[in-house]
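>>> after the sequence you'll find the predicted model.
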Amino acid sequence: MSVAEAGGVFHRARGRTLDAFPAEEEREWKGPFYFIQGADPQFGLMKAWSTGNCDSGGDEWQQEIRLTEQAVQAINKLTPKPRFFVLCGDLIHAMPGVRAVFSGHYHRNAGGTYQNLDMVVSSAIGCQLGKDTHGLRVVVVTAEKIVHRYYSLDELSEKGIEDDLMDLMKKK
């Protein structure tokens with residue numbers, strides 16, 4: 001899409017409403033706003049890069065956690081507040097203790113396991129490219145395991161999270 005075409009898309013969007021936001025004041029265009037985009041916290045890369053071992057040296061995340069917390073604190077101090085914050089790019093470099101990686105972008109549910117690491121792909125809230133329904137994945141993390149379940153938007157709205165998942169969160 002060219003810049004001129006993109007401009008046309010934005011121009012055509014003016015005056016239209018979006019029913020996705022629950023708050024009445026968010027349903028119609030009210031003028032300019034801003035959001036924050038961050039990229040590549042890549043937990044583990046700083047140590048790996050500093051030691052010259054980018055293949056297996058990223059077993060410490062302290063620096064990246066501190067910087068990510070600093071980013072969140074800086075965003076929280078902004079006035080006016082951004083409309084939203086989106087984090088893109090590589091979230092982790094090395095995975096000490098990580099048992100599962102969750103992602104999207106495939107617009108259908110998928111996944112697999114490689115060397116004791118579960119890869120879980122959640123279908124889209126929006127456009128479906130497979131047979132899944134529009135939905136969200138609930139992920140419960142305990143000291144012993146990670147349990148996840150995909151819910152359609154209707155199912156989650158009408159029934160909520162199932163009892164077996166809620167019971168897992170009650171255990172200390």
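Nice, thanks for sending it over.

>>> which helix in this structure runs the most residues?
helix 62-77 (DSSP state H).

>>> for the helix or strand following that helix, packing partners?
On the C-terminal side of helix 62-77, the closest following helix or strand by DSSP states H and E is strand 85-88. When contacts are defined as 3 or more C-beta pairs under 8 Å, 6 or more residues apart in numbering; DSSP states H and E, strand 85-88 packs onto strand 36-39. Where you see a C-beta, it was placed from the backbone N, CA and C, and this is true even at glycine.

>>> so which elements touch the longest helix of the chain?
helix 45-51.

>>> list the buried ones in the longest helix of the chain?
64, 68 (16 or more other C-beta atoms under 10 Å).

>>> for the record, mean pLDDT for it?
For helix 62-77, mean pLDDT rounds to 92.

>>> kindly format the C-alpha coordinates of it as CSV.
Presented in CSV, the C-alpha positions along helix 62-77 are these (Å, rounded to 0.1, in the frame of the first residue of the first chain):
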residue,chain,number,x,y,z
GLN,A,62,18.6,-9.0,35.5
GLN,A,63,19.7,-6.1,33.3
GLU,A,64,16.9,-6.5,30.9
ILE,A,65,14.3,-6.8,33.7
ARG,A,66,15.6,-3.6,35.3
LEU,A,67,15.5,-1.8,31.9
THR,A,68,12.0,-3.1,31.2
GLU,A,69,10.8,-2.0,34.6
GLN,A,70,12.4,1.4,33.9
ALA,A,71,10.5,1.7,30.6
VAL,A,72,7.2,0.9,32.3
GLN,A,73,7.8,3.4,35.1
ALA,A,74,8.7,6.1,32.5
ILE,A,75,5.5,5.4,30.5
ASN,A,76,3.4,5.5,33.7
LYS,A,77,4.7,9.0,34.5
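
>>> this completes my enquiry, with thanks.
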